[in-house]
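Engineer: my questions are about this predicted structure, shown below with the sequence.
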Amino acid sequence: MSTPLCLLTCTLSLKIFEKALNFLPQHSSGVTFRSAPEGNRTLSPPPEKLCYPSIPSLNGALVPGYMEQQSLNIITMRQRIIFLFTLLFFGFCSTVVAQHGTAMEWLDDVELPTPPGSNSVRGFLYSNIAVLSNGRRVVFMNKQEGGKTIYYTYSDDGVNWSTPQLFEPCNFVIGLNSPKVISDHLDRIHIIWASQLPRALYYSQMDAELNYVIDSVLISDNPDFDTFRDMYITADLQGRIHVMWNEGITGVHLPEAHYSRSVDGGQSWSDEVLLSNPDNLPSSFPRTQLNAYSGDTLAIFWRDSVPGPTENWDLQMVLSMDGGQSWSSPTVIAPNVNLQGDPDLVIDPQGRFHLFFHEAPVSDAYWGMRVRYGYSDDLGQTWLPSQNFDNIICNDQRSYLVEGSRYDIQNDVLWTFWKEEDIPGLQGGDMMAAYSLDRGESWSDPEYVTDWGDPSIGFKAVALLPNGGIAANYELPNYPSSGLFRIFYKEREPLLVPTAEKLYFEKLLIYPNPATSSVFVQGLDGTSAAELIISDIWGRNLKTISTNENAVVVEVSELPPGIYFLTVYDVATKLMHTEKFLKSE
């Protein structure tokens, strides 16, 4: 139901209800209502022939104020009835207005199973989901009863899910908490998690069959303020694993942003690096997303605090030119008087920075909060389409908490997600999505991923599906009853590939696979330049061939046996296609 129609329904219903009240007996305790213009009710003396109830007296005299009090009681009763009816109807209308439907490409919500003996589970900040190349989806959850232990469930179709199993590192420490989960192009599942005893941050790894490859490797310990918070993990196409976090609770302590990396598949970790300035001002939520990037020029953003009499935030960035071995001093990006928070950075295959964040104007910090976007091709020195990040990609509605932004390298699609609220009081919160097919030059209309009406979803997380679709999950509070939580999962159908791209790659043929000495590439355009790039599983480019022909033979005899990727890049159209092949003896 639309907002105007809903309000009209409420108004008419209230009018009918108020008219119905006039048919109630017009006497009680000696007071009646007399017809008057709308909204101007007055009192009149009782008719002489009406029978009255006994009126209390004191020595034969009327108790002072009794009639006036009875009059007020009746007015108050009628007003209360109308007021309650108004609340019920506007509550109903708020729910109807909040329920807007989801985009048709998003499939049904699937309630995930709870661990044995549990009736309440929650998700985690940023990411609790991994998707493998064979389509297996794995979701981690926090069991609320009995010590809040960590479990995971998996599905091969997104509909049928396994009975949740205990995450085994829970047996090694006390108070395992806040796990973050991702998968990479090598089908490794990376998990970072913190523990209360010992006070430490750990890394674990599982393979595609959900076997533990690494059960627990120490990343850092003895944190400031005794706690690791807001951890984030990403893996690049060179196989490096990057972890960032802040130490201390935002809003309670004075946290700072930290970083560590692994270049040997998680077996060992570098000494932690302090990214932010230790200036006694909170620095929180450091993030970068490198799932589609293979270069050495990296960046990390976080929310920092601005000194002053009132609370204010800005965005700060550090750069690394050597893959995370060293980092620059922090730089403030697009500072202004408004509150900028929760930056989400994606670096695409060509090295473009894509920055998403929410901004709350000081003039209307609650309802004025919007999701803003900009991209940079010069390491953050200039930003387009506006240096001031005037590009708002959300609806004209309270929008915040951008999370889960990803670049789909196979389909050349940039995704981002956030939360929108349309009922006062942190209610009516739904998950939103938008995508770009031209590396941020333009954006789709926002899509509603969820539609629960009054409840506000939380801890949304996403992953890319092998077919170009999206896997998402989130938690729902007070479901199925007050005080309980459940996790729901849903998927988005793949985007339709643009016609030109689809036709281009339908003609493309790459064979044989496996290959021994040569790979044949046929069906190239032939009228424009193309680049053929061979890379290994670590994302390192091993060979690049430029051609204007429609067929090319690529020699691979010098490559050791193993898995490789062949990327075809059309220079004129900027279309890109990657296929995996096996080099055999």
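Structural biologist: It's in.
Engineer: find the residue at the geometric middle of the protein.
Structural biologist: Glu403 (3.6 Å; Cα atoms, centre = their mean).
Engineer: walk me through the domains of this structure.
Structural biologist: 3-98, 110-492, 499-583 (automatic domain parsing).
Engineer: out of those domains, which is closest to Met104?
Structural biologist: domain 110-492 (9.4 Å; Cβ to Cβ). The way it works is simple: take the backbone N, C-alpha and C, and place the C-beta from them, glycine included.
Engineer: roughly how far is that closest one from the heart of the chain?
Structural biologist: The chain centroid and the centroid of domain 110-492 are separated by 7 Å, computed with Cα atoms, centre = their mean, to the nearest Å.
Engineer: gap between the two ends of that domain?
Structural biologist: Start-to-end span of domain 110-492 (Cα to Cα, to the nearest Å) is 13 Å.
Engineer: can you pull the contacts of Tyr293?
Structural biologist: Applying Cβ atoms under 8 Å, 6 or more residues apart in numbering to Tyr293 gives the contacts Asp236, Leu237, Ile347, Asp348, Pro349, Gly351, Tyr407.
Engineer: which residues touch the first one?
Structural biologist: Which is Asp236. So Asp236 contacts His242, Leu290, Asn291, Tyr293, Ser294, Leu298, Gly323, Gly539 (Cβ under 8 Å, 6+ apart).
Engineer: please flag which of these sit within strands.
Structural biologist: His242, Leu298 (DSSP state E).
Engineer: using PDB, list the CA coordinates for stretch 297-317.
Structural biologist: Extracted C-alpha coordinates of stretch 297-317, given in PDB (Å, rounded to 0.1, in the frame of the first residue of the first chain):
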ATOM      1  CA  THR A 297      49.700  -0.600  -4.200                       C
ATOM      2  CA  LEU A 298      47.200  -1.000  -1.300                       C
ATOM      3  CA  ALA A 299      45.100   1.400   0.800                       C
ATOM      4  CA  ILE A 300      43.200   1.100   4.100                       C
ATOM      5  CA  PHE A 301      40.500   3.500   5.300                       C
ATOM      6  CA  TRP A 302      39.000   3.900   8.800                       C
ATOM      7  CA  ARG A 303      36.900   6.400  10.800                       C
ATOM      8  CA  ASP A 304      38.800   8.800  12.900                       C
ATOM      9  CA  SER A 305      37.700  11.400  15.400                       C
ATOM     10  CA  VAL A 306      38.200  15.200  15.000                       C
ATOM     11  CA  PRO A 307      39.200  17.200  18.100                       C
ATOM     12  CA  GLY A 308      36.600  19.700  19.200                       C
ATOM     13  CA  PRO A 309      33.800  20.500  21.700                       C
ATOM     14  CA  THR A 310      31.400  18.100  20.000                       C
ATOM     15  CA  GLU A 311      31.700  14.700  18.500                       C
ATOM     16  CA  ASN A 312      32.800  14.600  14.900                       C
ATOM     17  CA  TRP A 313      34.300  12.000  12.500                       C
ATOM     18  CA  ASP A 314      36.300  12.100   9.400                       C
ATOM     19  CA  LEU A 315      37.900   9.500   7.100                       C
ATOM     20  CA  GLN A 316      41.600   8.700   7.100                       C
ATOM     21  CA  MET A 317      43.700   6.600   4.700                       C
END
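Engineer: enumerate the positions of it that are buried.
Structural biologist: By neighbour count with 16 or more other Cβ atoms under 10 Å, stretch 297-317 contains the buried residues 298-306, 312-317.
Engineer: quick check: mean pLDDT of it?
Structural biologist: Here stretch 297-317 scores 89 as its mean pLDDT.
Engineer: am I right that the residue nearest to the centre of the chain sits in a helix?
Structural biologist: No - read with DSSP: H, G, I helix; E, B strand; the rest coil, Glu403 is strand and lies in no helix.
Engineer: hey, what's it bridged with?
Structural biologist: Phe417 (DSSP bridges).
Engineer: pLDDT weak spots in this protein?
Structural biologist: When residues are selected by pLDDT under 70, those of the chain lie in 1-99, 309-310, 425-426, 497-503, 538-539.
Engineer: got the residue ranges for the helices in it?
Structural biologist: Taking DSSP state H as the criterion, the chain contains helices spanning 3-21, 66-98, 499-506.
Engineer: who are the contact partners of Leu166?
Structural biologist: Leu166 touches Pro115, Thr149, Ile150, Tyr151, counting by Cβ under 8 Å, 6+ apart.
Engineer: may I see those residues arranged in CSV, with neighbour count and distance to Trp269 as well?
Structural biologist: Converted to CSV, these look like this (neighbours: other Cβ atoms under 10 Å; distance: Cβ to Cβ, whole Å):
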residue, neighbour count, distance to Trp269
Pro115, 23, 30
Thr149, 19, 25
Ile150, 23, 21
Tyr151, 21, 26
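Engineer: of those residues, which pair is most distant in space?
Structural biologist: Farthest pair in these (Cβ to Cβ) is Pro115 and Ile150. Separation: 9.4 Å.
Engineer: which residues belonging to stretch 171-179 are considered buried?
Structural biologist: Buried residues in stretch 171-179, defined by neighbour count with 16+ other Cβ under 10 Å: Val173, Leu176, Asn177, Ser178, Pro179.
Engineer: please apply the same query to stretch 570-577.
Structural biologist: Buried residues in stretch 570-577, counting neighbours by 16+ other Cβ under 10 Å, are found at Asp570, Leu575, Met576, His577.
Engineer: do stretch 405-419 as well
Structural biologist: Within stretch 405-419, the residues scored as buried using 16+ other Cβ under 10 Å are 405-409, 411-419.
Engineer: likewise for stretch 267-281?
Structural biologist: Under the neighbour-count criterion of 16+ other Cβ under 10 Å, stretch 267-281 has Trp269, Glu272, Val273, Leu275, Ser276 buried.
Engineer: straight-line length of that stretch, end to end?
Structural biologist: 34 Å.
Engineer: again with stretch 406-415
Structural biologist: Using Cα to Cα, one end of stretch 406-415 lies 5 Å from the other.
Engineer: and stretch 187-198, by the same measure?
Structural biologist: 30 Å.
Engineer: one step back: closest one to Glu359 out of the buried residues of stretch 405-419, please.
Structural biologist: Nearest to Glu359 out of those is Trp418 (Cβ to Cβ; 12.1 Å).
Engineer: what's near enough to touch the closest one?
Structural biologist: Phe356, His358, Val371, Cys394, Ser399, Tyr400, Leu401, Val402, Glu403, Met431, Met432 are the contacts of Trp418 under Cβ under 8 Å, 6+ apart.
Engineer: got TSV for those, with distance to Phe485 too?
Structural biologist: Formatted as TSV, the contacts of Trp418 follow (distance: Cβ to Cβ, whole Å):
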residue	distance to Phe485
Phe356	27
His358	24
Val371	26
Cys394	26
Ser399	23
Tyr400	21
Leu401	18
Val402	23
Glu403	18
Met431	16
Met432	21
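Engineer: any idea which of those is closest to Arg137?
Structural biologist: Ranked by distance to Arg137 (Cβ to Cβ), those are led by Met431 at 17.0 Å.
Engineer: I'd guessed that closest one sits against Phe459; true?
Structural biologist: No - with contact defined as Cβ atoms under 8 Å, Met431 does not reach Phe459; the gap is 10.3 Å.
Engineer: quick revisit: from Ala472, how far off is the residue nearest to the centre of the chain?
Structural biologist: Separation of Glu403 from Ala472 (Cβ to Cβ, to the nearest Å): 11 Å.
Engineer: can you check Phe357 too?
Structural biologist: Counting by Cβ to Cβ, the gap from Phe357 to Ala472 is 20 Å.
Engineer: and for Trp161?
Structural biologist: Distance from Trp161 to Ala472, by Cβ to Cβ: 15 Å.
Engineer: so between these two, which is more surrounded?
Structural biologist: Neighbour count, other Cβ atoms under 10 Å: between Trp161 and Ala472, Ala472 has more, with 23 against 18.
Engineer: if the more buried one is in a bridge, with which residues?
Structural biologist: Residues in beta-bridge contact with Ala472 (DSSP bridges): Val462, Lys490.
Engineer: for Leu281, see how far away it is.
Structural biologist: Taken as Cβ to Cβ, the spacing of Ala472 relative to Leu281 amounts to 34 Å.
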